[in-house]
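Asks: Fold the following.
(one chain, ligands or ions: 3)
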Amino acid sequence: MLEIKNLHARVGDNEILKGISLTVKPGEVHAIMGPNGSGKSTLASVLSGRDGYEVTEGTVTYNGENLLELDADVRAREGVFLAFQYPVEIPGVNNMYFLRAAVNAVRKHRGQPELDAGQFLKTVRQTLKLLDLREDLLNRAVNVGFSGGEKKRNEIFQLALLDPKLAILDETDSGLDIDALRQVSDGVNKLRSPDRAFVLITHYQRLLEYIVPDHVHVLSQGKIVMSGDKSLAAELEKSGYATLGDAA
Ligand code: ADP
Ligand code: MG
Ligand code: MG
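Replies: Numbers count the residues shown, from 1 in each chain. Ligands and ions are numbered 1, 2, ... in the order given. This is a model prediction of the structure:
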């Protein structure tokens with residue numbers, strides 16, 4: 001589904017990613033761990049097609065297509081979902097309205113009929129129930145004044161509605177109290193399926209106690225320096241990142 005080969009990328013004059021290779025198959029959950037500044041968010045940004053990140057070497061293939069050549073909004077419509085470490089706030093735009101527009105853009109791309117307000121509300125209610133979320137986030141402006149936990153819950157809600165094939169979550173766990181963490185993790189677990197893959201980017205091992213990954217990779221100074229199964233995350237929790245030779 002996703003094949004990253006020898007990916008190098010820079011921001012301005014700084015080379016941040018220095019040769020990343022990673023293969024993600026449908027149904028798999030990959031965790032990418034690593035100290036602050038190792039390039040985790042940069043990898044997420046490159047995969048999402050964010051402005052300002054220049055790929056200097058390597059390839060990224062998504063379902064056989066060159067992902068790097070697709071516009072960011074096309075990537076989203078083709079089933080790539082990206083949740084950023086710092087979700088954007090959109091003052092003046094109602095969350096429900098925003099979500100319906102996003103869902104309908106995806107549906108249109110897939111040749112499915114668009115949902116009117118009534119149909120969308122029905123889908124929304126089912127999804128709220130599935131994820132055990134409350135409706136109160138829907139009638140506010142997108143992410144404006146949301147607490148950290150509310151933003152992350154809203155992300156999982158977006159994820160469920162958009163039904164992507166590949167979901168990349170950057171630091172979904174940062175700043176969450178234990179209840180929010182559990183709710184967000186339960187949401188991800190419910191959304192796991194044989195045809196959907198997740199890439200979970202996290203600094204902490206804590207998230208991986210709730211969402212058990214199939215593969216764990218450790219990023220350090222722009223390279224994957226270790227890969228293993230879930231036990232690697234537990235080992236890192238004990239030894240810390242200091243052994244990698246950079247600040248945790
Ligand atoms: P992580 O998510 O692992 O903490 P980042 O990808 O955010 O790491 O950052 C990796 C390195 O790239 C850091 O040294 C950071 O300062 C630098 N960097 C990331 N984004 C930018 C940017 N937009 N402008 C300048 N430097 C950046
Ligand atoms: Mg960081
Ligand atoms: Mg980051």
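Asks: What residues does the chain have near ligand 1?
Replies: Contacts of the chain with ligand 1, taken as CB under 6 Å from any ligand atom, map to 11-12, 14, 16, 34, 36-42, 52. Bear in mind the C-beta positions are built from the backbone N, C-alpha and C, glycine included.
Asks: Any figure for the gap between D229 and D214?
Replies: 7 Å (CB to CB, to the nearest Å).
Asks: in the chain, what spans have low per-residue confidence?
Replies: 84-86, 244-248 (pLDDT under 70).
Asks: what ranges do the helices span in this structure?
Replies: Per DSSP state H, the chain carries helices over the ranges 40-48, 72-77, 95-109, 117-131, 148-162, 178-191, 207-210, 230-239.
Asks: Could you measure from I4 over to A44?
Replies: In this view, I4 and A44 are 12 Å apart by CB to CB.
Asks: can you count the residues close to the residue nearest to G175 when sequence neighbours are not counted?
Replies: Counting by CB to CB, 6 or more residues apart in numbering, G148 is the residue found nearest to G175 once chain neighbours are left out, at 3.8 Å. Neighbours of G148 under the rule other CB atoms under 10 Å: 14.
Asks: And for T127?
Replies: So T127, with other CB under 10 Å, has 19 neighbours.
Asks: Ok, which of the helices of the chain comes nearest V218?
Replies: V218 sits nearest to helix 230-239 of all the helices of the chain, at 6.8 Å, using CB to CB.
Asks: in that closest one, what counts as buried?
Replies: Neighbour counts over helix 230-239 (16 or more other CB atoms under 10 Å) mark 230, 232-233, 236 as buried.
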